[in-house]
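[1] 3D model of this:
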Amino acid sequence: YGASLEAVATQVAESALAVLDMKCSPGERLLRFVLQHFDRILSQRGFQALMQQEMVRFRDGQSSAMNILAKTAFEPIFRRADQIVRDGMRSGELCRVDPLQMMYASLGANVFYFLSAPMVRLAIPFDPLESSSIEDRRRLAIEFLGQAIFTDRRHGAQLARHVLATMPIPEHAFQEKRSA
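    Okay, the predicted model is just below:
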């Protein structure tokens, strides 16, 4: 079990680090990283559910897998993402804020969307997990970040449009939901 979780976490880390190491501006890399994170949660819901379960177990002192996952995946990703945010602030492309807060706001919105969707569905007139709702939320999340984290909102909006145009939803994104 732990070895399987570690193998998947290693793949997640390699994929995330490949995006974080792209040859583009820090702001564009951050938008791409957040969009990739959204797509990973969407297309790998089983892994996401397992991670949430392990986080609860870890909080309760019942998981030894989280230490391995933190060293294998989370630490290198967060270290690199933190550096990108700092580079973006230094260059003047990104707003000067706490780098960790920027990560919580960016990635946390993705996690909260999928985690809360079943409950939110009871309070709104549409299903947030329907394909069209997910496509809208994906686009709106990146457009929001293009306006919220860039010092030049026009530049941020242009980058958001560019990132969305060059990173379509993965073809397999909705397959796991249908088979579940």
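
[2] wait, doesn't residue 77 sit right on residue 14?
    No - using C-beta atoms under 8 Å, residue 77 is not in contact with residue 14, being 9.9 Å away. From N, CA and C alone the C-beta is placed, and that goes for glycine too.

[3] neighbour count: these two, which is higher?
    For residue 77 versus residue 14, the count of surrounding residues by other C-beta atoms under 10 Å is larger for residue 77: 23 against 12.

[4] I'd say residue 170 and residue 39 touch.
    Yes - because the distance of 5.5 Å satisfies C-beta under 8 Å, residue 170 is recorded as touching residue 39.

[5] which one's more surrounded, the two?
    Neighbours were counted for residue 170 and for residue 39 using other C-beta under 10 Å; residue 39 has more, 18 against 14.

[6] list the buried residues in the helix or strand where residue 140 lies.
    Here residue 140 sits within helix 131-148, counting by DSSP states H and E. Burial within helix 131-148, assessed by neighbour count using 16 or more other C-beta atoms under 10 Å, is assigned to 133, 134, 137, 138, 141, 142, 143, 145, 146.

[7] now do the contacts for residue 38.
    Going by C-beta atoms under 8 Å, 6 or more residues apart in numbering, residue 38 touches 110, 113, 138, 141.

[8] which one of those is nearest residue 120?
    Distance ranking of the contacts of residue 38 against residue 120, using C-beta to C-beta, places residue 113 first at 8.6 Å.

[9] now do the SS call for the closest one.
    Classification of residue 113 by DSSP: H, G, I helix; E, B strand; the rest coil places it in helix.

[10] ranges for the helices of the protein?
    Taking DSSP state H as the criterion, the chain contains helices spanning 2-20, 26-43, 45-59, 65-69, 75-91, 99-120, 131-148, 153-166, 175-179.

[11] any idea how far residue 165 lies from residue 31?
    Counting by C-beta to C-beta, to the nearest Å, the separation of residue 165 from residue 31 is 12 Å.

[12] higher neighbour count, these two?
    Between residue 165 and residue 31, counting by other C-beta under 10 Å, residue 31 is the more crowded of the two (28 against 8).

[13] please name the nearest non-neighbouring residue to the more buried one.
    Counting by C-beta to C-beta, 6 or more residues apart in numbering, residue 31 lies nearest to residue 163, which is 4.6 Å off, once chain neighbours are set aside.
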